[in-house]
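Participant: Provide a 3D model corresponding to the input given below.
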Amino acid sequence: MIEIKGSSQKIVSGVLWSTLFNIVNAVYGFVAVPILIGYFGKSQYGLIGLAMSINVYMRLMDMGFNSTNVRFFSAWLAEHNHDKVRKAFQTSLSFYGFIGLLNGLILIGVSFFSESIFNVTPEQDVILKHLFYILAVVAFCNWFSSCFDQLIKSTENVAWIQRRQMIPKALQMVVLAATVLIGLSIETYYVLTCLATLSIIPLSIGKIRKETPFVSFIPGLHWPTFKEMLPYSLNIFSFSLFQFSFYHLRPVFLGMQGSMESVADFRILNGIIGVIHIMVSSFLPVLLPSTAKIVARKDKQAYYKVAYDGTKYLSIVLCFCTFGLMAVGPDTLSLYVGEDYLYLIPWFNLWLICNLVSHNQAISSLILAGSDIRANTYSSIVASVLGLISSWFLIPQYQVGGVVIGFAVYGSVQMLFYYLYYWPRKMNISSWRVISYSIGPYILMGGIGYYVCQLLPDCGDHWLNFFCYGITFTVIYLFATMLLSTKEDRNFYLSILKRRRK
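Facilitator: All right, here's what the predicted structure looks like:
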C-alpha cells in the first residue's frame with residue numbers, strides 16, 4: 001500500500017477512528033429507527049426523516065468550501081503562513097454565519113407552505129412546522145461552527161475529531177432512552193437530539209486555541225484571501241452539486257410523490273444499507289491529501305498503486321458488506337422492524353448491489369487531486385438528472401422502489417462514463433485491469449457466498465439464521481480472499497492489525 005512519509009500513522013489512525021465512529025453511528029441508527037417507529041408511529045417518524053432531508057439539502061450552500069478550507073489551511077500551515085490561516089478562518093466565520101442565517105430563513109419560509117408542498121395531514125403539518133423552526137435555530141449554530149472542524153482537520157487531527165464525536169452520540173442515546181421511558185413529545189425529542197450535536201463546540205474551540213493559537217474567533221472579511229480560494233471552491237461545488245442533489249432529494253421526492261410511509265421505508269432501508277456508504281465514503285477525505293501529493297509529484301508508481309491496489313482493498317470491504325448483508329437480509333429486516341416489512345427485500349437487495357458503484361472512491365481521490373474535473377461534472381449532471389427523473393415518475397407506482405430504480409439508473413450512467421471513457425482516455429487507467437484485478441474477483445466471491453447461504457436450511461429463528469448465514473458467508477469470503485491474496489497483500493493486512501493493537 002502507499003506509504004506517505006510523516007503522515008502514515010495519522011492517516012491510519014484517522015481511518016480507524018472514522019470507521020469506529022461510523023460503526024457506532026450505524027448501531028445507533030439501527031437501534032433508534034425501530035424504537036422511534038414503534039413509539040411515534042410510522043407516519044410521524046416519517047416527518048423527522050422529511051425535515052432532516054430538507055435541511056441536509058441546504059448543505060449545498062457550502063459551495064465546496066469544506067474541502068477548500070481543509071486544502072488551503074493545510075498548505076498554509078505547512079508553509080507557516082499563519083497570517084493567511086488567520087484571515088481565511090475569520091472570513092470563513094463570516095461566510096458560514098451568513099449561510100447559517102440564510103439557511104434558517106429558508107426553513108422558516110418552507111414551513112409557511114409545507115401543507116401545500118408535502119403530502120401531509122393538517123395534524124402532521126403542525127408537527128412538521130415545529131421541526132422546521134427547531135432546525136432553523138440549530139442550522140445557524142452548526143453552520144457558524146462548521147469551519148472549526150475544517151481547521152482541526154488541517155492539523156491532521158482527524159482521529160481526535162472522531163473521538164470527540166462519540167460525546168454527542170452518547171448524549172443522543174440518552175435522549176432516545178428518555179424519550180421512551182419518560183414519554184417525550186416528538187418536538188422535545190428532536191430539540192434534545194439537535195442540542196446534543198452542539199455540545200462539542202466548546203471542545204472544538206479549546207482544540208483550536210491549542211493547535212493554532214494565532215487565529216481569532218472574531219468574524220472578518222479579507223477579500224484577497226477569499227478570492228484566492230474561490231476558484232478551487234467553485235470547481236468542487238460544480239462537481240458535487242448534482243451528485244449531492246441526487247442523494248438527498250430522493251426522500252424529498254418520496255414526500256411529494258409518495259407518502260409518509262414510503263419516506264419511513266426509505267429511512268428503514270437507508271438505516272441498514274447507509275452504513276456501507278458511510279464507511280466507504282470515509283476513505284476519500286483521508287486519501288485526498290495524500291493523492292494530492294502524488295499527483296503534484298507526478299509519482300506514477302504511487303498513482304497506479306492507488307488506482308489498482310487501493311480500489312482492490314476498498315472492493316474487498318465493499319463486497320463483503322454488500323453480499324454479506326444480502327445473505328442475512330430477510331432476518332436482519334425482520335429483527336430490525338418486523339416481518340411485516342419483508343416486502344422491502346427486493347428493493348433492499350437492489351439498493352445493496354447499486355452501492356457497489358462506490359468502489360471508485362480510490363480513483364476518485366486521484367481525480368479530485370487534479371485541477372480539471374469538468375468532464376466529471378458533466379457526467380454527474382447527466383446521471384443525477386436521469387436518476388431523479390426516473391425516481392419522480394416511478395415513485396407513484398413503486399413508492400420507495402422508485403428511488404431505488406433511480407439509483408440504479410444513476411449508478412449505471414456513472415460507471416459507463418468512467419469505464420468506457422474517463423479512466424482509459426483521461427487517466428490512462430486500464431478499465432479491464434480494474435474489473436479483472438480490483439473488483440471483479442470479489443464480486444464473484446461475494447455472489448458465490450450469497451448463493452451458498454441461500455441453499456442453507458431455515459433454522460426457524462431469525463437470530464439463529466442471522467448468525468448461521470453470517471458466519472457461513474464470512475468463512476467462505478475470507479477463505480477465498482486469502483487464496484487470492486499476494487504476499488504484499490498479506491503483509492499489508494498484518495501491518496493494519498499491528499497498528500490497531502498499538
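
Participant: buried residues in the strand or helix carrying Gly449?
Facilitator: Following DSSP states H and E, one finds Gly449 within helix 440-455. Using 16 or more other CB atoms under 10 Å as the test for burial, helix 440-455 gives Pro441, Tyr442, Ile443, Met445, Gly446, Gly449, Tyr450, Cys453. Backbone N, C-alpha and C define where each C-beta goes, glycine included.

Participant: same thing with stretch 105-118?
Facilitator: For stretch 105-118, by 16+ other CB under 10 Å, it's Ile106, Leu107, Val110, Ser111, Ser114, Glu115, Ile117, Phe118.

Participant: What segments of the stretch 251-400 of the chain are helices?
Facilitator: Using DSSP state H, counting those that start in this stretch, the helices of the stretch 251-400 of the chain run over 260-281, 283-297, 300-304, 311-327, 329-337, 345-354, 361-369, 374-398, 400-417.

Participant: Please identify which of those is closest to Leu184.
Facilitator: helix 260-281 (19.4 Å; CB to CB).

Participant: Which strands and helices lie in contact with that closest one?
Facilitator: Counting contacts by 3 or more CB pairs under 8 Å, 6 or more residues apart in numbering; DSSP states H and E, helix 260-281 packs against helix 8-40, helix 42-57, helix 223-257, helix 311-327, helix 329-337, helix 345-354, helix 400-417.

Participant: could you redo the last one with a cut-off of 6 Å?
Facilitator: Judged by 3 or more CB pairs under 6 Å, 6 or more residues apart in numbering; DSSP states H and E, helix 260-281 is in contact with helix 8-40, helix 42-57, helix 223-257, helix 345-354, helix 400-417.

Participant: can you list the ones you listed in a markdown table and add mean pLDDT, mean neighbour count and distance to Val180?
Facilitator: Output for the helices and strands packed on helix 260-281, formatted as a markdown table (pLDDT from 0 to 100; neighbours: other CB atoms under 10 Å; distance: least, CB to CB, whole Å):
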| stretch | mean pLDDT | mean neighbour count | distance to Val180 |
| --- | --- | --- | --- |
| helix 8-40 | 72 | 17 | 6 |
| helix 42-57 | 73 | 22 | 13 |
| helix 223-257 | 77 | 19 | 24 |
| helix 345-354 | 92 | 19 | 26 |
| helix 400-417 | 91 | 21 | 26 |
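
Participant: Nearest to Arg164 among those helices would be which one?
Facilitator: Nearest to Arg164 among the helices and strands packed on helix 260-281 is helix 8-40; the distance by CB to CB comes to 9.5 Å.

Participant: Format the helices of the stretch 251-400 of the chain as a markdown table; extra columns: distance to Leu47.
Facilitator: Below are these laid out as a markdown table (distance: least, CB to CB, whole Å):
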| stretch | distance to Leu47 |
| --- | --- |
| helix 260-281 | 7 |
| helix 283-297 | 31 |
| helix 300-304 | 48 |
| helix 311-327 | 28 |
| helix 329-337 | 17 |
| helix 345-354 | 22 |
| helix 361-369 | 33 |
| helix 374-398 | 18 |
| helix 400-417 | 16 |
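
Participant: among these, which gets the worst mean confidence?
Facilitator: Here the lowest mean pLDDT among these goes to helix 283-297, at a mean of 59.

Participant: how much space between Leu105 and Gly460?
Facilitator: For Leu105, the distance to Gly460 equals 56 Å [CB to CB, to the nearest Å].

Participant: what's the answer for Leu366, then?
Facilitator: Distance of Leu366 to Gly460, computed by CB to CB: 50 Å.

Participant: Neighbour count for the two, which is higher?
Facilitator: Leu366 (22 against 7; other CB atoms under 10 Å).

Participant: how far away is the more buried one from Trp143?
Facilitator: Leu366 is 31 Å from Trp143, where distance means CB to CB.

Participant: out of the buried residues of helix 440-455, who's nearest Ile182?
Facilitator: Once CB to CB is applied, the member of the buried residues of helix 440-455 that ends up nearest Ile182 is Cys453, at 41.9 Å.

Participant: what's the nearest residue to that closest one if we skip its chain neighbours?
Facilitator: Counting by CB to CB, 6 or more residues apart in numbering, Cys453 lies nearest to Ala327, which is 4.1 Å off, once chain neighbours are set aside.

Participant: Tell me if I'm right that the one you found and Val452 touch.
Facilitator: No: using CB atoms under 6 Å, Ala327 is not in contact with Val452; the gap is 8.6 Å.

Participant: List the contacts of stretch 244-263.
Facilitator: 42-43, 46, 49-50, 53, 56-57, 60, 118, 266, 384, 387-388, 391-392, 395-396, 399-400, 403, 410 (CB atoms under 6 Å, 6 or more residues apart in numbering).

Participant: Repeat that for stretch 40-57.
Facilitator: If you take CB under 6 Å, 6+ apart as the criterion, stretch 40-57 is touched by 36-37, 124, 127-128, 131, 135, 186, 248, 251-252, 255, 260-261, 263-264, 267.

Participant: re the thing from before, state the number of residues packed around the residue nearest to Cys453.
Facilitator: Counted with other CB under 10 Å, Ala327 comes out at 27.

Participant: Could you list the buried residues of the strand or helix carrying Asp149?
Facilitator: Assigned by DSSP H and E, Asp149 belongs to helix 122-154. Buried residues in helix 122-154, counted by 16+ other CB under 10 Å: 124-125, 127-154.
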